[in-house]
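*Asks:* Fold the following for me, if possible:
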Amino acid sequence: MRRILLVLLAHCLLLVQSPIGVLARPAKKDNGAKAQGVSFKQEAGKVEVWVDGGPFTTYYFEGYNKPVFFPLRAATGTIVTRGYPMITGVAGEAQDHPHHKGLWFTHGDVNGVDFWSESDKTGKIVHRKFGVVKGGPKTGVLQSENDWVTPAGETVLKETREVMIHNLSGVRAIDFDLKLTAVASSVKFGDTKEGSFGMRLAQPFSDKTGGRIENSQGGQGEKGCWGKAADWVDYTTKINGEAVGVAIFDHPASFRHPSYWHVRGYCLFAANPFGLHDFFNDKTKDGSHTLKKGQSMSFRYRVYIHPGGTQEAKIGEQYKAYVGSVQFKK
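*Replies:* Below you'll find the model as predicted:
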């Protein structure tokens with residue numbers, strides 16, 4: 001009897017260790033659904049975004065002059081955006097430009113109204129509704145509608161935005177498809193450096209603390225990248241010994257591609273296709289653009305947060321992969 005029991009026990013052990021035995025066992029219920037891909041948790045005025053089981057960012061669609069994503073994290077969890085003014089008291093952090101909150105999209109001159117800065121005399125981008133808030137194993141989608149409203153209460157633009165967050169190994173990628181439609185008689189985007197798709201990076205990205213800027217044309221530093229047209233720009237640095245970078249890709253179907261860039265050594269990072277007379281230091285240049293009532297224009301970008309330097313992360317190849325995988329009509 002004892003020998004029979006030992007044989008049966010050995011047989012059971014082989015079954016459990018074999019691939020068939022493993023598949024045959026019932027799967028344990030995974031209570032951490034967030035670990036399955038991209039997931040969202042909507043609360044009052046905000047949507048929390050999780051990727052691969054960890055927090056990635058929060059989309060604040062109410063409470064500020066414009067919707068913002070804050071903070072942004074690398075795949076390791078390292079925060080790559082400045083805390084101020086959302087969080088104060090971060091040691092060594094610059095506390096300038098309080099309108100530089102996380103990641104945003106706006107412009108400094110829309111029919112003469114400043115939507116870039118924040119005061120009682122500036123415009124606001126007002127969230128109206130969500131179309132889609134849907135997670136998934138590989139991609140999550142946030143679709144929403146916003147109004148660009150002047151201090152006088154006039155809605156000059158309707159904005160539809162689709163944001164796609166990807167679950168990719170070792171990196172974080174978030175795509176933006178932003179469409180602006182004029183609802184006033186006409187809407188003029190003025191020529192100013194204060195725009196448009198921007199973010200404020202964490203203090204270690206500063207050129208005074210070892211940060212580095214590089215663009216697709218081989219430009220380096222603020223001098224080589226500010227006001228220059230490029231397919232992409234990448235900031236890199238080390239945060240607590242971790243080599244990390246943040247790139248913005250400008251899609252060929254985006255308005256006035258390749259964009260010009262309002263990128264500063266103090267960590268302001270923005271794609272701006274309008275600010276030509278500032279960027280060229282030439283008042284004969286005019287980067288303004290007017291939409292007639294009912295006309296639209298679209299802006300398409302990817303924010304790509306990666307480990308390592310620009311060359312190590314193969315940012316040029318990653319840009320080509322982005323363009324090849326995401327198709328738009330101009």
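*Asks:* so where is the stretch 201-330 of the chain shaky, pLDDT-wise?
*Replies:* Under the criterion pLDDT under 70, the flagged ranges of the stretch 201-330 of the chain are 329-330.
*Asks:* mind listing the strands for it?
*Replies:* 212-215, 232-239, 242-250, 261-263, 268-271, 289-292, 296-307 (DSSP state E, counting those that start in this stretch).
*Asks:* tell me the most buried of those strands?
*Replies:* strand 261-263 (a mean of 26; mean count of other C-beta atoms under 10 Å). For every residue, glycine as well, the C-beta is placed using N, CA and C.
*Asks:* Wait, residue 234 touches residue 310, no?
*Replies:* Yes. With contacts defined as C-beta atoms under 8 Å, residue 234 counts as touching residue 310 at a distance of 4.6 Å.
*Asks:* shared neighbours, those two?
*Replies:* Residues touching both residue 234 and residue 310 (C-beta atoms under 8 Å, 6 or more residues apart in numbering) are 214, 245, 247.
*Asks:* Next, format those residues as TSV and append distance to residue 89.
*Replies:* Listed next are those as TSV, based on distance: C-beta to C-beta, whole Å:
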residue	distance to residue 89
214	32
245	26
247	29
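*Asks:* related to what we said a few turns ago, please produce CSV containing the strands of the stretch 201-330 of the chain, extended by distance to residue 323.
*Replies:* Converted to CSV, those look like this (distance: least, C-beta to C-beta, whole Å):
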stretch, distance to residue 323
strand 212-215, 16
strand 232-239, 10
strand 242-250, 8
strand 261-263, 18
strand 268-271, 15
strand 289-292, 23
strand 296-307, 9
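*Asks:* Which one of the ones you listed lies nearest to residue 181?
*Replies:* strand 296-307 (4.3 Å; C-beta to C-beta).
*Asks:* The closest one - contacts with which helices or strands?
*Replies:* strand 171-182, strand 195-200, strand 242-250, helix 315-325 (3 or more C-beta pairs under 8 Å, 6 or more residues apart in numbering; DSSP states H and E).
*Asks:* and residue 146, which of the strands of the stretch 201-330 of the chain is closest to it?
*Replies:* Nearest to residue 146, of all the strands of the stretch 201-330 of the chain, is strand 296-307, at 13.3 Å by C-beta to C-beta.
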